[in-house]
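In: The amino acid sequence is not available; the structure is as follows:
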Ligand SMILES: Nc1ncnc2c1ncn2[C@@H]1O[C@H](COP(=O)(O)OP(=O)(O)OP(=O)(O)O)[C@@H](O)[C@H]1O
């Protein structure tokens, strides 16, 4: 329920005040009264009413003077004032308006006319207040919107900076050559196989290819084949029909359908189970597939970019990865050099990550101290750019000034892998014993064309029982194709 409108009646004739007050009170108004100009001013200031009925002729101060004072004060400036005048001469009416009044009523007044005028001006005033309220809200919304847009602009500037050259930092000749080639391959629809150690920037390169291709306005969809339980990979790639397997309560589109017209990035493609490898080969050859549990053949126009940190060629030769799929994926191989083989990129990467970490942490960080840089240049970065990125984030958290100088974060000479000046020979890389064992098994398998048993088999060369070798292969995810 809205509060009744409050009317202030200012008149030095008590009978007039009573008459008006009674009439308005009957019609639901709340009434305040004043018997002279000064009293009227005081009451209007103390409890700002919704409307003032103001007598013109009063002994202490006439109505025009009261009106002018009310109009001069911000709190009462917008008050609608109706003059009560016994005189209906033109000059007085004009004066009433020029003093700031909105209307006038001549005495003796006609009750219905008084009620109609009061009602109309109160309604007008309330509409004005409502309009003002809405304007204020609108202004606040516009301001909030502008503030958000400002921060969005700052953010997109940041993204633009990060996306600069696809966000790929580095000037090493090996990297520059690769980026030049990317420009060429991006313009085609060819399948690209990105090879490189973990954290060396394979996904970044895949994104750069997509962004520079004519598919850039279509989706770039990613599937990390290693992160998927084997039994779900096929349904993730190709989708499934309702009821295709336990838990398939709905029909679901797969990544190939989602990426239609765009690019599908298959990370860690070497981890694909064999059955999925066969299906992938078919899509790459015929651009056709069926959803799991489905009979309808679907077509798709997807460009595939695959990445692996495994030696897929050796795995294919060893019979652990479908060689037909390997050749189909290997149409355009891109080899990403490890960070230790392009040390000149370490300083610009540090300064890029330091600025970014500083921005995120709200710190002003300029660069690395000379001592820090020296350690960074002589460290081997087995985790490549990702390791460097995380390392700089940690160093930025510890930084007390504008320089990164937490050299204690570097592994000590004994525990850390020694740095190499050029591409390190395999034995000096920070590889685990398991990795060395896996690589060796793979190399021997590749050498013998995947044969495990017999005189020329890998088991004999490795000095292992064939079933032991099979066990090791299972452990390392090396599955024989046939
Ligand atoms: N040249 C570069 N310039 C700037 N940032 C880079 C560069 N290379 C890699 N990065 C950053 O390093 C991190 C790891 O890169 P990315 O994920 O592309 O590596 P990856 O080879 O795909 O790793 P994984 O083999 O583990 O999937 C990302 O945050 C990426 O933005």
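Out: Structure received. The structure displayed is predicted, hence computed values, not measured ones.
In: going forward, measure contacts between C-alpha atoms and count neighbours the same way
Out: Will do.
In: Write out the residues of the stretch 301-450 of the chain neighbouring the ligand.
Out: 309, 385, 386 (C-alpha under 6 Å from any ligand atom).
In: Please report which of those has the highest neighbour count.
Out: The most crowded member of those, judged by other C-alpha atoms under 10 Å, is residue 385 (21 neighbours).
In: Going by neighbour count, which residues in the helix or strand harbouring it are buried?
Out: Applying DSSP states H and E as the criterion places residue 385 in helix 384-398. Residues 384, 385, 386, 388, 389, 391, 392, 393, 394, 395, 396 are the ones in helix 384-398 that count as buried (16 or more other C-alpha atoms under 10 Å).
In: With pLDDT added, can I get those in JSON lines?
Out: Formatted as JSON lines, these follow (pLDDT from 0 to 100):
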{"residue": "384", "pLDDT": "95"}
{"residue": "385", "pLDDT": "96"}
{"residue": "386", "pLDDT": "95"}
{"residue": "388", "pLDDT": "96"}
{"residue": "389", "pLDDT": "95"}
{"residue": "391", "pLDDT": "94"}
{"residue": "392", "pLDDT": "95"}
{"residue": "393", "pLDDT": "93"}
{"residue": "394", "pLDDT": "93"}
{"residue": "395", "pLDDT": "95"}
{"residue": "396", "pLDDT": "94"}
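In: Tell me the one among those residues nearest to residue 356.
Out: residue 393 (8.8 Å; C-alpha to C-alpha).
In: Residue 216: neighbouring residues, count only.
Out: 16.
In: Which residue ranges of the stretch 351-482 of the chain form strands?
Out: Secondary structure of the stretch 351-482 of the chain (DSSP state E, counting those that start in this stretch): strands at 367-368, 403-404.
In: helix or strand right after the helix or strand harbouring residue 96?
Out: Assigning secondary structure by DSSP H and E places residue 96 in helix 90-98. For helix 90-98, the following helix or strand on the C-terminal side (DSSP H and E) is strand 103-106.
In: Let me see the mean pLDDT of that next one.
Out: For strand 103-106, mean pLDDT rounds to 87.
In: All further residue positions should be reported with the first residue as 246.
Out: Understood, numbering begins at 246; the last thing we discussed is strand 348-351.
In: Can you give me the separation between the residue in the stretch 496-645 of the chain that the ligand sits nearest to and residue 576?
Out: Here the residue of the stretch 496-645 of the chain nearest the ligand is residue 631; by C-alpha to the nearest ligand atom that distance is 4.0 Å. In this view, residue 631 and residue 576 are 27 Å apart by C-alpha to C-alpha, to the nearest Å.
In: show me where pLDDT drops low in the chain?
Out: 246-247, 332-337, 392-394, 396-411, 657-676, 726-727 (pLDDT under 70).
In: By proximity to the ligand, which residue of the stretch 246-395 of the chain wins?
Out: residue 395 (25.5 Å).
In: neighbours around that residue, how many?
Out: Neighbour count for residue 395, taken as other C-alpha under 10 Å: 12.
In: Where does it fall, secondary structure wise?
Out: Following DSSP H and E, one finds residue 395 within helix 356-408.
In: After that helix, which helix or strand is next? Please name it.
Out: For helix 356-408, the following helix or strand on the C-terminal side (DSSP H and E) is helix 418-431.
In: which other helices and strands contact the next helix or strand after that next one?
Out: Using DSSP H and E, the next helix or strand after helix 418-431 towards the C-terminus is strand 437-440. Secondary-structure packing of strand 437-440 (3 or more C-alpha pairs under 8 Å, 6 or more residues apart in numbering; DSSP states H and E): helix 447-457, strand 548-553, strand 577-580.
In: Just confirm yes or no for strand 437-440 near the ligand.
Out: No: Strand 437-440 does not reach the ligand (C-alpha under 6 Å from any ligand atom); its nearest approach is 8.2 Å.
In: That strand pairs with which strands, parallel or anti?
Out: Each strand that pairs with strand 437-440, with its direction, by DSSP bridges: strand 548-553 (parallel), strand 577-580 (parallel).
In: Need the residues that contact that strand.
Out: Outside strand 437-440, the residues that touch it by C-alpha atoms under 8 Å, 6 or more residues apart in numbering are 447, 451, 549-555, 574-581.
In: again, only this time at 6 Å
Out: Where contact means C-alpha atoms under 6 Å, 6 or more residues apart in numbering, the residues beyond strand 437-440 that reach it are 550, 551, 552, 553, 554, 574, 575, 577, 578, 579, 580.
In: Between the two ends of stretch 252-268, what distance do you get?
Out: Start-to-end, stretch 252-268 (C-alpha to C-alpha) is 12 Å.
In: Show me what counts as buried in that stretch.
Out: 252, 253, 254, 255, 256, 257, 261, 262, 265, 266, 268.
In: And stretch 324-331, by the same measure?
Out: Buried positions in stretch 324-331, judged by neighbour count with 16+ other C-alpha under 10 Å: 324, 325, 326, 327, 328, 329, 330.
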